[in-house]
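> everything below, folded, please.
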Amino acid sequence: MSGSVTIVVRQSVKPGHEEAYEVWLKRMTEGARANFPGYLGVGFHRPHQPGEPYRQVFRFDSIEQLEKFERSEYRAEMLAEGSVHF
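Alright, predicted model coming up:
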């Protein structure tokens with residue numbers, strides 16, 4: 001199977017953690033860009049109202065590349081690190 005894929009992630013962030021979450025997310029996406037050739041980028045959307053979730057729209061060049069990212073040690077480590085914010 002081939003063709004680009006898009007995945008939307010909605011993430012609730014603990015009150016007061018917004019700035020740290022955005023720093024963490026930037027690091028995670030920069031690492032994805034550097035380490036996963038099929039990563040095409042991310043669209044980042046802040047909540048319109050306090051308490052609403054953040055939305056990220058991740059793009060990969062194939063489902064196989066998305067799956068490599070989803071199963072990666074890098075992603076697992078970043079999610080563990082970022083979990084203090086969500």
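
> what's the distance between the residue lying closest to Phe69 once chain neighbours are set aside and Tyr74?
For Phe69, the nearest residue in space outside its immediate sequence neighbours is Phe36; the separation is 5.1 Å by CB to CB, 6 or more residues apart in numbering. For every residue, glycine as well, the C-beta is placed using N, CA and C. Applying CB to CB, to the nearest Å, the value for Phe36 to Tyr74 is 8 Å.

> those two - which one has more neighbours?
Phe36 (18 against 14; other CB atoms under 10 Å).

> how about the contacts made by that one?
Neighbour list for Phe36: Phe60, Gln65, Lys68, Phe69, Ser72 [criterion: CB atoms under 8 Å, 6 or more residues apart in numbering].

> if we use 10 Å, what do you get?
For Phe36, the contacting residues are Phe60, Asp61, Gln65, Leu66, Lys68, Phe69, Ser72, Tyr74, Arg75, by CB atoms under 10 Å, 6 or more residues apart in numbering.

> excluding chain neighbours, give the residue nearest to the second one in space.
It stands for Asp61. With sequence-adjacent residues excluded and distances taken as CB to CB, 6+ apart, Asp61 is closest to Gly38, at 4.4 Å.

> my guess is the one you found contacts Gly3. True?
No. The pair Gly38 and Gly3 fails to qualify as a contact (CB atoms under 10 Å) at a distance of 11.7 Å.

> only C-alpha atoms, please: export stretch 79-86 in CSV.
The C-alpha atoms that make up stretch 79-86 are tabulated as CSV, following Å, rounded to 0.1, in the frame of the first residue of the first chain:
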residue,chain,number,x,y,z
LEU,A,79,5.4,10.2,25.1
ALA,A,80,6.7,9.0,28.4
GLU,A,81,8.5,12.3,28.9
GLY,A,82,5.6,14.4,27.8
SER,A,83,3.0,12.6,29.9
VAL,A,84,3.6,15.0,32.8
HIS,A,85,1.8,17.6,30.7
PHE,A,86,-1.3,15.5,29.7
